[in-house]
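[1] I'll drop the sequence and a predicted model, then ask my questions.
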Amino acid sequence: MFILQIFVLCLVAAAIALWGLNFPYPSPLIRRWLPPRKRWPEAQIRAWLKDGKFQRTFLSHFYSDPERVPPPGTSVLAAADGLVTSADMRGRIRYLVIALSFWDMHVQRSPVAGKVVSVASHGDDFMDGEGREFAFLREKACPVQKRLVIQSDLGQVAVRLITSVAARRIEVWVQEGDRIERGQRIGRILLGSTVVVELPVTVNLLVQAGERVWAGQTAVAEGLTSL
Amino acid sequence: MNGLSWASGHLDWGIFALIVFTGLWWLLSDLVWRLKSVRIGRLAVTMSIGWVAGIGLILLGFYLGNR
């Protein structure tokens, strides 16, 4: 009986020790019950960024690439998971800015079906919070980005994949001349950053600033004609 | 040897239950703190009341069981 008691007390003591060793971050015993944002708090991820070591479970979450089913129709889809931070117009273009967080799925998907007209690199600097005040259009101190132009039967759409201080790497998985499907994977920004979808001003936007969108799944605009 | 915390060669079950309950309650408080967006003071008061109630129930249970 005493042995059983000691065993149970050791289990409880071990659980409390795990809690203490991980505090203020969650103990591994409760991580599975927490949503990603609380499972890996931002301060913890920023600390990992500094020393280059990441928790394996965080990396497997970060590199997750779930299947997505595009809604039927010809609506323009979100190119990334994240929060719409603005949908302002400049000239004849509406810039739909989607901010990704550390906890979002980081694979980007094509908003429309069509042909990749160009894949171009822009920018010369890493910035934080870029893209949210049109920094991605500046000539100088422009954030590092890849701009894909996709020509669909209904018109032209461009997607900008933008890095940040934390991100610094962009993978593009399509090339000029490729034909791509609506919702097809087009690339990945490694760690949180920004994706901008450039649309003609004539489109009817279906989302507004503050809404969450999912790549290849959320219809963000309809009525695409030409850029 | 029998005493307040020792009975027939093992820890008294009442004391044992209090220790285990307190440890698990502490961990549960941490989980609730992370899951709910509540102020720390409010959570501390709520969890303390829960802890006192739990301890009370354990003591009552052992008292009634040993009467």
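    Right, received. Where do you want to start?
[2] quick check: residues of chain A near chain B?
    For chain A, the residues in contact with chain B (CB under 8 Å from any CB of the partner chain) are A:1-2, A:5, A:8-9, A:12-13, A:15-16, A:19, A:26-27, A:29-30, A:33-34, A:38. Quick note: C-beta positions are derived from backbone N, CA and C, even for glycine.
[3] filter the residues you listed to the buried ones?
    A:Gln5, A:Val12, A:Ala15, A:Ile16, A:Trp19, A:Pro26, A:Ser27, A:Ile30, A:Lys38 (16 or more other CB atoms under 10 Å in any protein chain shown).
[4] alpha carbons only: can I get the helix or strand hosting the third one in CSV?
    Meaning A:Ala15. Using DSSP states H and E, A:Ala15 maps to helix A:2-22. Written as CSV, here are the backbone C-alpha positions of helix A:2-22 (Å, rounded to 0.1, in the frame of the first residue of the first chain):
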residue,chain,number,x,y,z
PHE,A,2,2.8,2.3,1.0
ILE,A,3,4.6,1.6,-2.3
LEU,A,4,1.4,2.5,-4.3
GLN,A,5,1.2,5.7,-2.4
ILE,A,6,4.8,6.6,-3.0
PHE,A,7,4.3,5.8,-6.7
VAL,A,8,1.3,8.1,-7.0
LEU,A,9,3.0,10.8,-5.1
CYS,A,10,6.1,10.6,-7.4
LEU,A,11,3.8,10.9,-10.4
VAL,A,12,2.2,14.1,-9.0
ALA,A,13,5.6,15.4,-8.0
ALA,A,14,7.0,14.7,-11.5
ALA,A,15,4.0,16.6,-13.1
ILE,A,16,4.6,19.6,-10.8
ALA,A,17,8.3,19.5,-11.6
LEU,A,18,7.5,19.5,-15.3
TRP,A,19,5.2,22.4,-14.8
GLY,A,20,7.9,24.4,-12.9
LEU,A,21,10.7,23.7,-15.4
ASN,A,22,8.5,24.9,-18.3
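[5] so what secondary structure elements neighbour it?
    strand B:10-11, helix B:13-35 (3 or more CB pairs under 8 Å, 6 or more residues apart in numbering or on different chains; DSSP states H and E).
[6] any idea which helix or strand comes after it?
    helix A:36-39.
[7] quick one: low-confidence parts of chain B?
    Counting by pLDDT under 70, the ranges of chain B that qualify are B:1-7, B:9.
[8] which residues of it lie near chain A?
    Checking chain B against chain A by CB under 8 Å from any CB, the hits are B:8-11, B:16, B:19-20, B:23-24, B:26-27, B:30-31, B:34-35.
[9] show me where chain A has helices.
    A:2-22, A:36-39, A:42-51, A:56-62 (DSSP state H).
[10] can you put those helices in TSV and add mean pLDDT?
    Shown next, in TSV, are these (pLDDT from 0 to 100):
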stretch	mean pLDDT
helix A:2-22	93
helix A:36-39	89
helix A:42-51	87
helix A:56-62	88
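[11] so how far is chain B from A:Gln217?
    Distance, A:Gln217 to chain B, by CB to the nearest CB, to the nearest Å: 27 Å.
[12] okay, strands next: where are they in chain A?
    A:76-77, A:82-90, A:93-99, A:107-109, A:114-122, A:145-152, A:155-162, A:169-172, A:179-180, A:185-190, A:194-200, A:204-205, A:212-213, A:219-222 (DSSP state E).
[13] so which elements touch the first one?
    In other words, strand A:76-77. strand A:219-222.
[14] go on, the fifth one?
    For strand A:114-122, the elements it packs on are strand A:145-152, strand A:155-162, strand A:179-180, judged by 3+ CB pairs under 8 Å, 6+ apart.
[15] looking at those strands, which is closest to A:Ser118?
    strand A:145-152 (4.7 Å; CB to CB).
[16] which residues does that closest one contact?
    Outside strand A:145-152, the residues that touch it by CB atoms under 8 Å, 6 or more residues apart in numbering or on different chains are A:110-123, A:136, A:156-163, A:170, A:172, A:174, A:180, A:186-187, A:224.
[17] also stretch B:40-55?
    B:Leu18, B:Phe21, B:Thr22, B:Trp25, B:Leu28, B:Ser29, B:Val32, B:Trp33, B:Lys36, B:Val38.
[18] bridged to A:Val116, which residues?
    A:Ile150 (DSSP bridges).
[19] near it, how many other residues are there?
    Per other CB atoms under 10 Å in any protein chain shown, the neighbour tally for A:Val116 reads 19.
[20] my guess is it contacts A:Val174. True?
    Yes. Using CB atoms under 8 Å, A:Val116 is in contact with A:Val174, at 5.1 Å.
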